[in-house]
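**Q** Sharing a model that was predicted from the sequence below.
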Protein chains: 2
Amino acid sequence: MNKLTVDLGDRSYPIYIGSGLLARRELLTPLVQGRQVMIVTNETVAPLYLKAVQTGLEGSRVEAVILPDGEQFKTLVVWNQIFDALLAAHFDRHCIVLALGGGVVGDMAGFAAACYQRGVGYIQIPTTLLAQVDSSVGGKTGVNHALGKNMIGAFYQPQCVIADTRVLETLDDRQLRAGIAEIIKYGLIRDRDFFKWIETNIKALLARDEAALSYAIERSCHNKAEIVAADEREGGIRALLNFGHTFGHAIETGMGYGDWLHGEAVAAGMCMAADLSHRLQRLDSQGLDRCCNLIEQACLPTWAPATLSAERMLELMAVDKKVQDGQVRLVLLDAIGQASVHGDYDQALLQETLTEMRA
Amino acid sequence: MNKLTVDLGDRSYPIYIGSGLLARRELLTPLVQGRQVMIVTNETVAPLYLKAVQTGLEGSRVEAVILPDGEQFKTLVVWNQIFDALLAAHFDRHCIVLALGGGVVGDMAGFAAACYQRGVGYIQIPTTLLAQVDSSVGGKTGVNHALGKNMIGAFYQPQCVIADTRVLETLDDRQLRAGIAEIIKYGLIRDRDFFKWIETNIKALLARDEAALSYAIERSCHNKAEIVAADEREGGIRALLNFGHTFGHAIETGMGYGDWLHGEAVAAGMCMAADLSHRLQRLDSQGLDRCCNLIEQACLPTWAPATLSAERMLELMAVDKKVQDGQVRLVLLDAIGQASVHGDYDQALLQETLTEMRA
């Protein structure tokens, strides 16, 4: 088992990474002993892992709420089901919310923990690769609005993240690849050596080689933890983590939440951002090729869907948290392993990217 | 004009109290200049004051969302209307939410500001006496759930509170008295001299004497600001502000939100809490009489409604944010001007209070 720490002063917390951690009661006991615990999970994960987690919580009063599975259910209405369960169980403000699932479950459970009685504790047990390498770490929580992704939410840090690599055995291939997209992101934005390692090991990752996955999760979490510790509320460097996401969110919203997986949309979005970086003469053609080739090798989409016009993409991108004074700020690549944020770029070249980078 | 400060380090903010402040552009300008401003108000307040506030915001891009008026609309569904408006207007995370209304508008607008794009700025312009003396100060924001009041929310401080005493001229009598309930609360829990002052000046307050109201608002805000500065997140002393509220919330929830005004329910709840304090031999009979007499003189209810049984009250009180390990913690009076929190009291005496303090 590896242990990393997200260093945020008195809100610091550990990330445990290893095989079979779900059964390791000693990781949870210090946080939950004598407390009420509400497990928030979904219909896909509950039959697989809910019982194992409940067993590890013996001695606490444990309840569970099982949400429908999918990004299209990351709404205020479904979010309210968590409060229904908490209040029906008469849970008080010393309770703990435990997220057992992927990014959608983690985002909704964390946001519910942030708001239930104005804040209770929460624990993340991510069960998808994407959640293990990205969304479970860093305290971004929230739900979608019909007009924009993740527009309603809070920065709210968990007390602990437990990434059990063994649960990835039951993950379907599409979800696995969606997680690899975010792994590639860390290499692209700030870790050139890691990018090279992924190029060398992409087949092992796709084949679910446990050592390769463990290493990729650990190195991704290490990158994420460093960034979050430096800039918890995204005043600066943290924005780099949104590489590919402004394009990606537009695809997700435009196609209807749940049609494309988040990681798939980010993959296409990263290719689009790299393409624009190249058009703006920030990124050389070799860098662009390496970026898109690796994403293609990971069996991930490298273009936006043909059904989304450039005009519609632009319109959707205008509703983005990084917009300032009407200008969409974009994360661009300067080289493999180096990114920066820009608000002042040639709009005509963005238009070209949006027009040409469609399937 | 008087200026108080809520002292919270780098999140400190001013409370301005005075007559005609709505028209004082210079109070708003430093906070809103060049920003998008979303005014959140309701159907009652908008025809009276929306235009005046909009005029004071010339130079900013200003939009408004007008919510239905009443505690029964303090729900997640109505709350979402604020996000609809923010997103339809393409407001970015540098925007400001401006609450123009009573406690319900302030709680919902503040909670929306806390969650829109994970947090934007907000300003409170309270237009009811209750909001001016209590709910607009201190950062408690949120909405109700069918199973419990204020169960979903956040601690989120405004950047400024502007209490224009002139707007109280248009407040109806019932709303005015509801505000007086919270003014009396400050006297009861920590300010014996203020309580005496209210006893002497209750007729002037009910007659809307502007000097009396101004003094009462200022002294109430002073008390509130001191408590919030000492204990922002209610780990200790801030709980005293909930005097009468556990009983009061049970009345509000039990009668259906909006039937009793919050201040009315708190008034009855304070009499019940004082009654229990007396039964527990914490408060002498003279103290109990002074408490209930003043509330009666303010034309506020001193009993729970007859239609709520003691059993139903107990059940509703069990869903309270101050519950810990199944025990309802109550704020009790030790004397006029002195209160304390208790979880370990004789349940039979609570039962007596609930049975006998019904209209």
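**A** That came in fine, so what should we check first?

**Q** rest of the way, CA atoms for contacts and neighbours
**A** OK.

**Q** most residues in a single helix of chain A, which one?
**A** Using DSSP state H, we find that the single longest helix of chain A is helix A:210-230.

**Q** for the helix or strand just after that helix, packing partners?
**A** Downstream of helix A:210-230, the next assigned helix or strand under DSSP states H and E is helix A:245-255. Counting by 3 or more C-alpha pairs under 8 Å, 6 or more residues apart in numbering or on different chains; DSSP states H and E, the packing neighbours recorded for helix A:245-255 are strand A:148-155, helix A:262-279, helix A:310-317.

**Q** Quick one: residues contacting A:Ala335.
**A** Shown in contact with A:Ala335 (C-alpha atoms under 8 Å, 6 or more residues apart in numbering or on different chains): A:Leu188, A:Arg282, A:Leu283, A:Asp284, A:Gly287.

**Q** A:Val319 now?
**A** A:Leu147, A:Gly148, B:Leu87, B:His90, B:Asp92.

**Q** Who wins on neighbours among those residues?
**A** Neighbour tally across those (other C-alpha atoms under 10 Å in any protein chain shown): the maximum, 24 neighbours, falls on B:Asp92.

**Q** Quickly list what A:Tyr16 is bridged to.
**A** Beta bridges link A:Tyr16 to A:Lys3, A:Ile162 when assigned by DSSP bridges.

**Q** my guess is it meets A:Arg24, correct?
**A** No. At 10.8 Å, A:Tyr16 does not count as touching A:Arg24 under the criterion of C-alpha atoms under 8 Å.

**Q** In terms of neighbours, single out the busier of those two.
**A** A:Tyr16 (20 against 13).

**Q** what domains does the record give for chain A?
**A** Following automatic domain parsing, chain A resolves into domains at A:2-170, A:173-356.

**Q** ok, is the helix or strand bottoming out on mean pLDDT in chain A in contact with chain B or not?
**A** Lowest mean confidence among the helices and strands of chain A (mean pLDDT, DSSP states H and E): strand A:323-324, at a mean of 76. Yes. If you take C-alpha under 8 Å from any C-alpha of the partner chain as the test, strand A:323-324 does meet chain B, through A:Val323, A:Gln324.

**Q** Can you list the strands that that strand pairs with?
**A** Checking strand A:323-324 against DSSP bridges gives partners strand A:327-328 (antiparallel).

**Q** could you give the mean pLDDT of the partner strand?
**A** Taken as a whole, strand A:327-328 has an average pLDDT of 86.

**Q** How about residues contacting it?
**A** A:Met317, A:Ala318, A:Asp320, A:Lys322, A:Gly343, A:Asp344.

**Q** now A:Arg282: how far from A:Phe194?
**A** 21 Å (C-alpha to C-alpha, to the nearest Å).

**Q** same deal with A:Leu240?
**A** 16 Å.

**Q** More neighbours: which of these two?
**A** Using other C-alpha under 10 Å as the criterion, A:Leu240 and A:Phe194 rank with A:Leu240 on top: 23 against 19.

**Q** What residues does chain A have near chain B?
**A** Counting by C-alpha under 8 Å from any C-alpha, chain A sits next to chain B at A:76, A:83-84, A:87-88, A:90, A:92-94, A:114-119, A:142, A:145, A:147-148, A:150-155, A:318-326.

**Q** buried subset of these?
**A** The neighbour-count criterion (16 or more other C-alpha atoms under 10 Å in any protein chain shown) marks A:76, A:83, A:87, A:90, A:92-94, A:114-119, A:142, A:145, A:147-148, A:150-155, A:318-325 among these as buried.

**Q** end to end, how far does stretch A:186-196 reach?
**A** OK, stretch A:186-196 end separation, C-alpha to C-alpha: 11 Å.

**Q** Quick check: buried residues in that stretch?
**A** A:Tyr186, A:Gly187, A:Leu188, A:Ile189, A:Arg190, A:Asp191, A:Arg192, A:Phe194, A:Phe195, A:Lys196.

**Q** pLDDT, secondary structure and distance to B:Val161 added to the residues you listed, as CSV?
**A** Shown next, in CSV, are the buried residues of stretch A:186-196 (pLDDT from 0 to 100; DSSP: H, G, I helix; E, B strand; the rest coil; distance: C-alpha to C-alpha, whole Å):
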residue, pLDDT, secondary structure, distance to B:Val161
A:Tyr186, 98, helix, 43
A:Gly187, 98, helix, 46
A:Leu188, 98, helix, 45
A:Ile189, 98, helix, 42
A:Arg190, 98, helix, 43
A:Asp191, 98, coil, 46
A:Arg192, 98, helix, 49
A:Phe194, 98, helix, 50
A:Phe195, 98, helix, 51
A:Lys196, 98, helix, 54
